[in-house]
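Participant: Compute the structure for the input listed below.
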Amino acid sequence: MMQSKKIGADSPPKALLGPNYSRVVNRSPVFYGWVILVAGSIGMIMTSPGQTYAVSIFIDSFIADLGISRSVVSTLYSMGTLVGSFALPFVGRQIDHRGGRMIVAIISVLFGIACIYMGIIQNALMLGLGFIAIRMLGQGSLGLVCTNVINQWWVRRRGMAMGISGVLMSLLALGGFPNLIYWLISQYGWRVSYGLLGMTLILFMAPLGYLFFRDRPEEYGLQPDGAKTTTTTNENISPSTIEENWTLAEAIRTRSFWIVSLGLGVISMLGTGLFFHMVSILNDGGLTAAEAASVFVPIAVTTAVVNLGSGILIDRVRIRVILAAALLTLAISLWMAPRFQGLEWAFLYGIVLGSMSGLQRTASTVVWAAYFGRRHLGSITGLSSTILVAASALGPMPFGIARDVLGSYTVVLTVCAIAPLILAGASLLTGRPNKR
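Facilitator: Reported below is the predicted structural model:
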């Protein structure tokens, strides 16, 4: 009796079966990596409903309508972020195994449902569950898959690509979303606003991601950066031939992985605390809610400029220098935050905070693929994202408690400025690991 052939260990590797054909990819008039860059950047922008800079606009509405204190909201947000981060290693593995196209569609639909749920919450318990969902699916999972898919298509010009993505993210997300949400709330209320954001994710982002996201360019007979598949000079060697690809188990045994994770984790923790309490900090400095929202504009513009500039420079400057600069500007931001002297000072603070955001985004989106390769990038970034998102959970709670207990943010922000200064020095001593 003839036995059917199993597809498994005895089957030829996918690479030996020849490249796939996709009308969208192979008939693209430009290198498809540019399409991936635009689609991935739109996906990053659509993470905004789960990002701290957007959630911060809703905080006063939560406090007023649900009858809970700022410290309770901060604690729920921290716990929701922490619990939500535990799913990211699983999401990272699924990206490696199933590809970004299917994962981005699933995540976008689930994230949209989570936003709709946020519009019907009635108490603190429901708010906590909602925070788990939007942080896990938005700030965590959707951002993870979009960053990974861009990294797969760019290697030598990865910094430039991520810089362009950062400009779009900064101007349209960080600069636009807080003011958009502020306008939506003033027109329709915060509950309807969340519902509109959720429907946008389901009806726009999910089909966009499924139509345009594709995995590694090698699967379609292409090379990263649009390089030729066959070359005659060393200058045109395919980037994939010079990459060092580390497994997750190998990466976590290096000092570089943990120093970078710790540095980015501190930025994530303290930066999230600053953005989460942005309106409250600016109100304490004498600014109105509208003026506080306007400070996001210089933050966004500076983030965009610095992100693009550092993205171009990161191909020439060591990543550890960019990370150290991000930590230094974070320390300066923490010192400035409780010492406002009018709107001009607030805008200067926005410029410094924007510089930190731009430098941090460049370092965090480039470092893992640059240090450990693309082959197991989903698994590696899944773990690193868990560390970063979990760290971000620790920022809002102590800031909120300090404000309720001490009456101001001065002491907690000043003390917290010490940690990034120490880590800036440690980051300068740690570089790209060498696989032997």
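Participant: Find the nearest non-adjacent residue to the residue most central in space within the chain, please.
Facilitator: By CA atoms, centre = their mean, the chain has its centre lying nearest to Gly143, at 5.0 Å. Excluding the flanking residues, the one nearest Gly143 by CB to CB, 6 or more residues apart in numbering is Thr47, at 4.7 Å. Any C-beta I mention is one placed from the backbone N, CA and C, and that applies to glycine too.
Participant: now do Gly309
Facilitator: Gly163 (7.3 Å).
Participant: go on, Arg157?
Facilitator: In space, and not counting its chain neighbours, Arg157 is closest to Asp225: 5.2 Å by CB to CB, 6+ apart.
Participant: try Tyr349
Facilitator: Met336 (4.8 Å).
Participant: wait, what's in contact with that neighbour?
Facilitator: Residues counted as contacts of Met336 (CB atoms under 8 Å, 6 or more residues apart in numbering) are Trp345, Leu348, Tyr349, Val352.
Participant: quick one: stretch 136-152 to chain centroid distance?
Facilitator: Averaging C-alpha positions (CA atoms, centre = their mean, to the nearest Å) puts stretch 136-152 7 Å from its chain's average.
Participant: Next, Asn307: secondary structure please.
Facilitator: Put simply, Asn307 is helix when judged by DSSP: H, G, I helix; E, B strand; the rest coil.
Participant: Give me the helices and strands touching the helix or strand hosting Ser385, please.
Facilitator: Taking DSSP states H and E as the criterion, Ser385 maps to helix 377-393. Secondary-structure packing of helix 377-393 (3 or more CB pairs under 8 Å, 6 or more residues apart in numbering; DSSP states H and E): helix 70-85, helix 88-98, helix 143-153, helix 248-251, helix 255-276, helix 343-372.
Participant: average pLDDT for it?
Facilitator: For helix 377-393, mean pLDDT rounds to 87.
Participant: Now do the buried residues in the worst-scoring helix or strand of the chain on mean pLDDT.
Facilitator: Within the chain, no helix or strand scores below helix 289-294, which has a mean of 76 by mean pLDDT, DSSP states H and E. Neighbour-count burial for helix 289-294 flags Glu291, Ala292, Ala293, Ser294 (criterion: 16 or more other CB atoms under 10 Å).
Participant: now stretch 64-82
Facilitator: Using 16+ other CB under 10 Å as the test for burial, stretch 64-82 gives 68, 70-82.
Participant: which of the residues you listed lies closest to Val305?
Facilitator: Thr81 (28.4 Å; CB to CB).
Participant: any idea how far Val38 is from the closest residue to the closest one other than its chain neighbours?
Facilitator: Excluding the flanking residues, the one nearest Thr81 by CB to CB, 6+ apart is Ala393, at 3.6 Å. Ala393 is 31 Å from Val38, where distance means CB to CB, to the nearest Å.
Participant: now swap in Leu330 and tell me
Facilitator: Taking CB to CB, one finds Leu330 at 30 Å from Val38.
Participant: likewise Gly92?
Facilitator: Distance, Gly92 to Val38, using CB to CB: 23 Å.
Participant: what does Pro49 give?
Facilitator: 20 Å.
Participant: Leu413 now?
Facilitator: According to CB to CB, Leu413 stands 38 Å off from Val38.
Participant: do Phe213 as well
Facilitator: For Phe213, the distance to Val38 - CB to CB - is 11 Å.
Participant: Repeat that for Ala87.
Facilitator: Distance, Ala87 to Val38, using CB to CB: 27 Å.
Participant: Name the nearest residue to Val104, sequence neighbours excluded.
Facilitator: Gly209 (3.5 Å).
Participant: Now distance to Gly176 too, for the buried residues of helix 289-294, in JSON lines please.
Facilitator: Output for those, formatted as JSON lines (distance: CB to CB, whole Å):
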{"residue": "Glu291", "distance to Gly176": "17"}
{"residue": "Ala292", "distance to Gly176": "16"}
{"residue": "Ala293", "distance to Gly176": "11"}
{"residue": "Ser294", "distance to Gly176": "12"}
